[in-house]
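> With the input below, show me the fold.
(2 chains)
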Protein chains: 2
Amino acid sequence: MTAFHPTARFPRGFRCASRNVGLKPEAKDLTLFVSEVDAAAAAVFTRNHFPGAPILLGRETIRGGVLRAIIANSKVSNVATGARGVEHARRMAAAAAAELGTTADQVLVSSTGVIGVPLPVEKIEAGVRGMASDLQDDPLVGAEGIMTTDTHPKALSISVGAATITWVAKGSGMIEPNMATMLAYIFTDAAIAAPTLDAMLRTAIARSFNMLSVDTDTSTSDTCAILANGLAGPVDERAFVEALTAGCIRMTEILGRDGEGAEHLVRVQVRGARDDREARFIAKAVLNSPLVKTMVHGADPNVGRLLMAVGKCFDCTVHPASTDAWINGHQVVRGGERLPFDEATVRQALAAEVVDLEIALGVGPAEATAYGCDLTKGYIEENASYYSS
Amino acid sequence: MTAFHPTARFPRGFRCASRNVGLKPEAKDLTLFVSEVDAAAAAVFTRNHFPGAPILLGRETIRGGVLRAIIANSKVSNVATGARGVEHARRMAAAAAAELGTTADQVLVSSTGVIGVPLPVEKIEAGVRGMASDLQDDPLVGAEGIMTTDTHPKALSISVGAATITWVAKGSGMIEPNMATMLAYIFTDAAIAAPTLDAMLRTAIARSFNMLSVDTDTSTSDTCAILANGLAGPVDERAFVEALTAGCIRMTEILGRDGEGAEHLVRVQVRGARDDREARFIAKAVLNSPLVKTMVHGADPNVGRLLMAVGKCFDCTVHPASTDAWINGHQVVRGGERLPFDEATVRQALAAEVVDLEIALGVGPAEATAYGCDLTKGYIEENASYYSS
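Sure thing, here's the model as predicted:
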């Protein structure tokens, strides 16, 4: 496995800028990502039945398979805003294209924030003017402009041969992506054609963002896009997919650890499941159980809850007699029965920042890992007043 | 609709007793319910793959279709305890039968509390001695002995012709019953044969306990049993099913309002769904959304979350253009778009103790209502230390 760079950096030809344009009181709320040449592009979007206006437009834009830029704002998601919302998304693309000297059909638009509030598009149109001269090399600058409840900007990069892959993402709540996480952008200077890029992206997402859940709620704005501008030339495709998947998994862990109110990253690994569908379903069920999440939060060794959560997967194959479970390597269940264990040891294991819950079902060959976090009073606090604050 | 009695009372021939037998420090932890004559009986149990020992025994017992008594303890659920657990459940039935002068195969056993801890069966065997002389007429006395995190004992009764139906239940967390709630016992002096009783119970449960969710977690101990001792003679069957369903719905509301940490009863009514399955699925999805639950908790009119929660039901038929929504009668969404509404009014509606969320999908004739509660810091607090406290 190639190691991630100690500090995230862009592949050749990519730059970004971010600003406050008045959507938030002071924090940055608008970001541009730009490729200096045409980039082959692929993207996946939310499966929510009420996709935001930028998603409706994005599905149209990505058909071209070529992007030059991404414009993304935070604070207002432009969702449930009807035909006027789509018009606003088009105006965002046009404003970015005018500023950068490209065409609107090569600009991907994203918006994230409160649902159902009209987008102040004039502030964005005015604010984007002059941003071309702010463009610079630090991906974290772009990450800043798309934060909502994130506690820190998120970027990663890795080398594959002569090429680089860079991830920039945001996401903290309303997270159980289906097809993508809230907003995740991936940039590379490898030369890869759009259809290949699309297949690679879907492979990587199946094992990463689509196995992430902070709160079981699927956003109306989820977008994951990859741009390959080719400036580093061709790369070994197998090595690229491996690196792409590793980075998507790592970014998934970063998003899970920064889940709203989270104090732990929780990983649930299910082994010995009947098939992939069941392995994924059970891993998600354990990860999403409020009683498992609060057990981790309180470092309370109430391990029977692991069995409860596996057992409520009615339509999956589960045999109590072959079911084992571990918490950070300490076995707590064997053959469906709770083992006597040293409580202090298990409490300590649950208190670690990263908590691995392993379930071995013993009924088949499939495995899956799901990523998320504990459930805390901080989650309640943020979400009981998100709209008002 | 017949009205519920102002104070719950038993049908003819039923009595109960409860005691502290040393499972909890001081509170009552053992209950007996007794019919003075043989009662026709039916029961449904959890579908969790790790059913408790009392469930394994109960499935065997209920096949006889006749019960004379129920013995139930709180504090320890006797789940994930292997063959020894089943032996302990049998010993509980035998101890109750000896005390009451009946046979163990006419005694239903329940246990509720922590999973994976051995049942202190000797304390129960010693404690049940002499309870026959404590038997009395107030159902709430029986309800007290089965409480775990419930904040109050729960009982209801209603008249149907010359007969009475009485409900006694407990349940506060780990509640998304499938086939029944945690523990709900229904007593009647109507004369109804066991197979009819079974069909009636399943009809009532489909619209009540099976539509309840406090936290999406399905207990390993869920049990709902009905005993009909016939002392009031035959009743009109239609009136009986109607009363049985009304009482099960009312008890479902009582359990939802007393969900762990809850400050509101939340009811989600979905209308105009394609079919029953979709109506039920969408109602549960909205009810279970942590973001909808925290919106209610904070009386924060973030109504876009209703669309998000409907929209994440990928496999259901949802047309944004025909989707409307109301909060306690105030319309907040029309045709998939957020309406401008008076925020103070909607805040006030969300602050009511009972919050009705209505969704009209406009794609078919089916409807369903789901019952639950808001998500609060109290839930986190109770469940981060349930095992240890």
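> For the longest strand belonging to chain A, the averaged confidence score.
Longest strand in chain A by number of residues (criterion: DSSP state E): strand A:30-45. For strand A:30-45, mean pLDDT rounds to 94.
> Would you map the strands across the stretch 51-200 of chain A?
Applying DSSP state E, counting those that start in this stretch to the stretch 51-200 of chain A gives strands spanning A:66-73, A:107-111, A:154-160, A:163-170, A:183-190.
> Chain B is nearest to which of those strands?
strand A:107-111 (12.5 Å; C-beta to the nearest C-beta). C-betas here are computed from N, CA, C, even on glycine.
> And for the closest one, what's in contact with it?
A:41, A:43, A:52-54, A:57-58, A:61-62, A:67-74, A:76-79, A:89, A:92-93, A:96-97, A:100, A:119, A:146, A:183, A:221, A:223, A:225 (C-beta atoms under 8 Å, 6 or more residues apart in numbering or on different chains).
> List the buried residues of the longest strand of chain A.
Residues of strand A:30-45 classed as buried by neighbour count (16 or more other C-beta atoms under 10 Å in any protein chain shown): A:30-35, A:39-45.
> Pairing partners for it, with directions?
strand A:14-19 (antiparallel), strand A:66-73 (antiparallel), strand A:223-233 (antiparallel) (DSSP bridges).
> Go through the ones you listed and pick out the most buried.
strand A:66-73 (a mean of 26; mean count of other C-beta atoms under 10 Å in any protein chain shown).
> starting at the chain centroid, how far to that one?
From the chain centre to the centre of strand A:66-73 is a distance of 18 Å (C-alpha atoms, centre = their mean, to the nearest Å).
> got a list of contacts for it?
Counting by C-beta under 8 Å, 6+ apart, A:21, A:23, A:29-35, A:38-41, A:61, A:92-93, A:95-97, A:100, A:102, A:106-113, A:119, A:124, A:128, A:145-146, A:183, A:185, A:194, A:225, A:227 sit against strand A:66-73.
> What of stretch A:196-204?
Outside stretch A:196-204, the residues that touch it by C-beta under 8 Å, 6+ apart are A:40-44, A:186, A:192, A:224, A:226, A:228, A:237, A:240-241, A:244-245, A:247-248.
> hey, where'd the helices end up in the stretch 101-250 of chain A?
In the stretch 101-250 of chain A, the segments counted as helices under DSSP state H, counting those that start in this stretch are A:121-128, A:139-144, A:194-207, A:237-257.
> Let me have these in TSV, extended by mean pLDDT and mean neighbour count.
Formatted as TSV, these follow (pLDDT from 0 to 100; neighbours: other C-beta atoms under 10 Å in any protein chain shown):
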stretch	mean pLDDT	mean neighbour count
helix A:121-128	98	18
helix A:139-144	96	24
helix A:194-207	93	18
helix A:237-257	92	20
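> ends of stretch A:182-200, how far apart?
Length of stretch A:182-200, first residue to last, C-alpha to C-alpha, to the nearest Å: 19 Å.
> Check stretch A:40-58 too.
End to end - C-alpha to C-alpha - stretch A:40-58 spans 15 Å.
> Stretch A:63-80 too?
23 Å.
> Report the buried residues of stretch A:344-355.
Those would be A:Val346, A:Arg347, A:Ala349, A:Leu350, A:Val355, for stretch A:344-355 by 16+ other C-beta under 10 Å.
> Could you list the residues in contact with it?
A:257, A:263-267, A:295-296, A:299-301, A:303, A:327-330, A:332, A:374.
> how about a cut-off of 10 Å?
The contact list for stretch A:344-355 (C-beta atoms under 10 Å, 6 or more residues apart in numbering or on different chains) reads A:253, A:256-257, A:263-268, A:292, A:295-303, A:326-332, A:341-342, A:356-357, A:373-374, B:387-388.
> avg pLDDT for that stretch?
95.
> quick revisit: in a markdown table, list the strands of the stretch 51-200 of chain A along with mean pLDDT.
Below are the strands of the stretch 51-200 of chain A laid out as a markdown table (pLDDT from 0 to 100):
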| stretch | mean pLDDT |
| --- | --- |
| strand A:66-73 | 96 |
| strand A:107-111 | 95 |
| strand A:154-160 | 93 |
| strand A:163-170 | 93 |
| strand A:183-190 | 93 |
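> Now distance to B:Ala3 too, for those, in CSV please.
CSV is the format used below for these (distance: least, C-beta to C-beta, whole Å):
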stretch, distance to B:Ala3
strand A:66-73, 56
strand A:107-111, 52
strand A:154-160, 58
strand A:163-170, 54
strand A:183-190, 54
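> so how many other residues sit close to whatever residue of the stretch 151-300 of chain A ends up closest to chain B?
Nearest to chain B in the stretch 151-300 of chain A, going by C-beta to the nearest C-beta, is A:Gly298, at a distance of 2.7 Å. A:Gly298: 24 surrounding residues under other C-beta atoms under 10 Å in any protein chain shown.
> my read: it touches A:Lys377, true?
No - using C-beta atoms under 10 Å as the test, A:Gly298 is too far from A:Lys377 to be in contact (11.2 Å).
> what do these two both touch?
B:Ile380, B:Glu381, B:Ala384.
> Identify, from those, the entry nearest to chain A.
Nearest to chain A out of the shared contacts of A:Gly298 and A:Lys377 is B:Ala384 (C-beta to the nearest C-beta; 2.7 Å).
> dump the residue contacts of the closest one.
B:Ala384 is in contact with A:293-300, A:302, A:374-377, counting by C-beta under 10 Å, 6+ apart.
> Also A:Pro340?
Counted by C-beta under 10 Å, 6+ apart, A:Pro340 has contacts A:Val332, B:Pro118.
> where's it, which helix or strand?
Counting by DSSP states H and E, no helix or strand carries A:Pro340.
> Number of residues surrounding the residue in the stretch 1-150 of chain A positioned nearest to chain B?
Residue nearest to chain B within the stretch 1-150 of chain A (C-beta to the nearest C-beta): A:Ile115, separated by 2.4 Å. With neighbours defined by other C-beta under 10 Å, the count for A:Ile115 comes to 26.
> what's the domain layout of chain A?
In terms of domains, chain A is parsed into A:14-257, A:265-383 (source: automatic domain parsing).
> what's the closest of these to B:Glu278?
B:Glu278 lies closest to domain A:14-257 among the domains of chain A, at 11.9 Å (C-beta to C-beta).
> okay, how far is it across the closest one, tip to tip?
Using C-alpha to C-alpha, one end of domain A:14-257 lies 28 Å from the other.
> Now do the contacts for A:Gly336.
Neighbour list for A:Gly336: A:307, A:310-311, A:318-325, B:49-50, B:79-82 [criterion: C-beta under 10 Å, 6+ apart].
> Among those residues, name the ones in strands.
Going by DSSP E, the strands hold A:Asp324, A:Ala325 from the contacts of A:Gly336.
> Which among the contacts of A:Gly336 count as buried?
If you count burial by 16+ other C-beta under 10 Å, the buried members of the contacts of A:Gly336 come out as A:307, A:310-311, A:318, A:320, A:323-325, B:49-50, B:79-81.
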